[in-house]
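Asker: sequence first, predicted coordinates after that:
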Amino acid sequence: MAIIIDETKRVCVQGVTGREGRARTRLMIDFGTNVVAGVTPGKSGEQVHGVPVFDTVADAAAHSEQHVGGPIDISVIFVPAPLVQAAAFEALDAGVKLVVLVPDRVPVWDAMRIAGHARGRDAAFIGPNTLGVLSPGRAVVGMIGGRAESARAWFRRGNVGVISRSGGMTSSCGYYLGQAGVGLSTLVHVGGDSVLGLRIPDVALLFENDPQTEAIVVFGEIGGSQEEDLAELVLEGRVTKPIVAYVGGKAAREGTRFSHAGAIIEGNRGTHAGKVRALRNAGVTVVDSFGDLPAATVHTLIKAGAVR
Amino acid sequence: MARLHEHQGKSLLAGLGVTIPRGRVVGTPDDAANACAELGGAAVLKIQAWTTGRKSLGGVAFVDSPEQARDESARLLNMRVGAFPVTAVLVEERVPIADELFVSLSIDDAARAPILLLSFAGGTGVEDRAAEVHRLPIDVNTGISRGGLDRLLADSPIDPARRCAVADAIESAVRLARDAEARSLEINPLVTTDDGRVIAADCRMTIDDYAVFRHPELGIEIARELDHPPTALERIAYAVEQADHRGTFYFARLPVEPGDLAVGFHGAGGGGSMMSMDALTQTGFTPANFTDTSGNPSAAKVYAAARIILAQENILGYFGSGSGVASQEQYHSAYGLAKAFLELNLNIPALVRLGGNSEDRAVDILEDACRDLPGAVEGYKKDHTPSFIASRFRSLVESAAGAMWIPRARRIPQYVGESSALSFTVRFGAGWEGACWIDPAAVTPRAAEIISAHAPGVFEFSSTGAVTLAESLETASTKDTELIAAEVELARAGVPVLFVDIPIPGLDDAPAASDAGASL
């Protein structure tokens, strides 16, 4: 099964003719993703690695319906940050139900407006500032792995889902788990920004409902409330699969400023200690050192009788 | 986050019709006396500093005469808050307070929307009284629900005659937050006065770093939260980051105490950088800076990062490490680093983890290009942990017996600037350009082969030894990545006939540009 992305999903690439768009389209196609169309205004009629380019997402969607057998399932956006909001609105207005926002530096009010727009259309988004999502042996959307042969060499297919707030550490988690013999259902980089589409708890719920996934690995970080909200889901019994987590940023504690208001809303939330405490209190295995993550995951799988 | 001072936030509020205390900001005791006199002789003086609890720091003074204002402001203008010297004092009328409210807008990551916190008991310490704080959702497009706000005020102890003006002020604050793309906006307190006014008595506001480019009117110089005034190097680095948008670049100085084992730190990717810095500190070192080049940065950007890191004095070595399994092609970073290390004739140990795509090639480039440097330059891959590299680093630093880095000017080949050399402009980003120089007389067949392999199509090499540009100047100017690769490959092969001159504004103009004496 896997979550979010597999070989059956029809993917559109916005900003397909740019530096990043071209390179990541190559990765996605080579890895097995069903890339059905690209979009760059003014470039309709061109092709990128054999993918037809259209002026608008609506045109791309019509092409997908007429010639590929169904709607665009996911649109992944590689345009400069100031243009991301317009690109995301365009995809959502064309009926795309999942948008992946790769660019870094998207203004936070733009991200909130995208969230409002998606909510009104019963759609979802991942990012901004995400490396994307990869299901080993199936497909990738975004840029995890960079090149298909690397992505194939680094990540093994299996029964552990990875959720990370750091792009580079998404790949690191996947690679070091693979070195420890652990295979993966899907790797999800939720993005590095404060306002995100799918957050850690949302992705954990997807893994909970995914038959392929038997355990979840989380790379958390200080700030915000994603880890605490995940702990709450576990306490409520809505996420029952075993979770192994690492929370980064312990050393950054002193230098990091929490706003006055954040201290009021969240009480203890946002700090490293608070996150670790909330997760442990919910029964999540939290490792103190990142290097211990693979062994702890193996141990958890053995305990759950889920070693494959 | 880019922070605004109280007086800046207040004047923005005033622009939307919110009443603020009469008064103005001053920078000298004499002007404080004048401002106090303009207010009729009684005033409150407040340091303009990014801190909470100014009163308990002694940063607030109530004065009853211009003379007193002069004396007190002299004291206030001598204060330091953390690493920031106080340079401005706000002189304002004293307001007769009836009610105090706490008004705070922030961004709720779970709701993916702004949220307004409101308490009818304002003042310091409100954060400890969470039970008294009301939470009002804000629609990112339409703002706050006036009906909801009015209902909440109707149940409040606020004088009914002032409730409408209070609601107006809160609505305006929400509008300001949206217009200025604030990450937070706090008015603590918003007061009603005995003489019937509703006044924003304080204002703390931060602007979204990523939106600062859309708000030149705010005059924000560096869109980044630093706990010290930006240093010379931080300004230089910020300009590089703004010019070249290929990947990200972050440079911030960190405090180093006498006796610390200071190290230049170069991370790649936020999460991995943080972990690598932990490994470094656990090995007994102190990072002199935090730097992160990630998201597929150009070789030019990585080069500039290395040059800026190596403009720091008294570091014992150069430690680079990120997530270790990078999606980007790591050889670009290797070329940028090698070029910087070669130009500076690096004589301290430099250990760099280049794990990820093309790591074999990247490590080979870095180590081979730097093989003759006085300092040991070693590259590492994804199967080497940051802790392992940090302990190797420790032993190399120890065998160097405390030799410290002294910033120096870069080495530039002799043919640069000669009329016999061929040169053309190369662009690295908006407003950031340099030049490529080639010494035609020294181009051997082997050199021509290397250039053609790494920067294909840029030059034509005739059988008579003539070198000409094969592309338009415009096309050639965009080939910085290829040309930097060619330069480093030529150096590896011992035929350094091509040089990409990458001037870093501020760093090269004054070779001694450094952060010596900067307060951190």
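Answerer: Noted; the coordinates are in hand.
Asker: point out the residues in the stretch 1-150 of chain B that sit beside chain A.
Answerer: B:52, B:104-110, B:112-115, B:117, B:126-127, B:130, B:133, B:135, B:139-141 (CB under 8 Å from any CB of the partner chain). The way it works is simple: take the backbone N, C-alpha and C, and place the C-beta from them, glycine included.
Asker: show me how to select, in PyMOL, the buried members of the residues you listed.
Answerer: Per 16 or more other CB atoms under 10 Å in any protein chain shown, the buried members of the residues of the stretch 1-150 of chain B next to chain A correspond to this PyMOL selection:
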select buried, chain B and resi 52+104+105+106+107+108+109+110+112+113+114+115+117+126+127+133+140
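Asker: give me the subset of the residues of the stretch 1-150 of chain B next to chain A lying in helices.
Answerer: Among these, no member falls in helices (criterion: DSSP state H).
Asker: residue contacts, residue B:442?
Answerer: By CB atoms under 8 Å, 6 or more residues apart in numbering or on different chains, residue B:442 lies in contact with B:415, B:495, B:497.
Asker: stretch B:327-337 near chain A at all?
Answerer: Yes: Stretch B:327-337 comes into contact with chain A (CB under 8 Å from any CB), by way of B:327-329.
Asker: looking at these, which is nearest chain A?
Answerer: Proximity of these to chain A (CB to the nearest CB) peaks at residue B:327, which lies at 3.5 Å.
Asker: tell me the secondary structure at that closest one.
Answerer: strand (DSSP: H, G, I helix; E, B strand; the rest coil).
Asker: what number of residues lie near it?
Answerer: If you count neighbours by other CB atoms under 10 Å in any protein chain shown, residue B:327 ends up with 29.
Asker: so where do the helices sit in chain A?
Answerer: A:19-31, A:57-63, A:84-93, A:108-120, A:148-154, A:167-179, A:200-208, A:226-235, A:260-266, A:272-281, A:293-303.
Asker: and what of the stretch 201-350 of chain B?
Answerer: B:232-243, B:270-282, B:299-309, B:331-344 (DSSP state H, counting those that start in this stretch).
Asker: in CSV: those helices, plus mean neighbour count and mean pLDDT.
Answerer: Output for the helices of the stretch 201-350 of chain B, formatted as CSV (neighbours: other CB atoms under 10 Å in any protein chain shown; pLDDT from 0 to 100):
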stretch, mean neighbour count, mean pLDDT
helix B:232-243, 21, 91
helix B:270-282, 24, 86
helix B:299-309, 28, 97
helix B:331-344, 26, 98
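Asker: could you dump those into TSV and include distance to residue A:227?
Answerer: Listed next are the helices of the stretch 201-350 of chain B as TSV, based on distance: least, CB to CB, whole Å:
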stretch	distance to residue A:227
helix B:232-243	30
helix B:270-282	14
helix B:299-309	31
helix B:331-344	31
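Asker: residue A:196: which of these is closest?
Answerer: For the helices of the stretch 201-350 of chain B, the distance to residue A:196 is smallest for helix B:270-282, at 14.4 Å, taking CB to CB.
Asker: out of the contacts of residue B:442, which is most surrounded?
Answerer: In these, the most neighbours by other CB under 10 Å go to residue B:497, 25 neighbours.
Asker: which residues are in contact with that one?
Answerer: B:415, B:438-439, B:442-444, B:447, B:490.
Asker: give me the pLDDT for it.
Answerer: Looking at residue B:497, its pLDDT stands at 97.
Asker: next: the one 4 residues further on.
Answerer: The per-residue pLDDT reported for residue B:501 equals 97.
Asker: could you do residue B:324 as well?
Answerer: Per the predicted model, pLDDT is 89 at residue B:324.
Asker: quick one: contacts for the closest residue to it other than its chain neighbours?
Answerer: Take residue B:324 and drop its neighbours on the chain: the residue closest to it by CB to CB, 6 or more residues apart in numbering or on different chains is residue B:355, 3.9 Å away. By CB under 8 Å, 6+ apart, the residues touching residue B:355 are B:322-326, B:330, B:380-384.
Asker: buried subset of the residues you listed as a PyMOL selection?
Answerer: Buried members of the contacts of residue B:355 can be picked out in PyMOL with the line below, counting by 16+ other CB under 10 Å:
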select buried, chain B and resi 322+323+324+325+326+330+380+381+382+384
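Asker: going by distance to residue B:463, which of the contacts of residue B:355 wins?
Answerer: Out of the contacts of residue B:355, the member with the shortest distance to residue B:463 (by CB to CB) is residue B:330, at 37.3 Å.
Asker: quick check: that closest one touching residue B:353?
Answerer: No: using CB atoms under 8 Å, residue B:330 is not in contact with residue B:353, being 9.5 Å away.
Asker: can you tell which of the helices of chain A is closest to chain B?
Answerer: helix A:167-179 (2.5 Å).
Asker: anything in stretch B:187-204 near chain A?
Answerer: Yes: using CB under 8 Å from any CB, stretch B:187-204 reaches chain A at B:188, B:204.
Asker: distance from the chain centre to that stretch, please.
Answerer: The chain centroid and the centroid of stretch B:187-204 are separated by 34 Å under CA atoms, centre = their mean, to the nearest Å.
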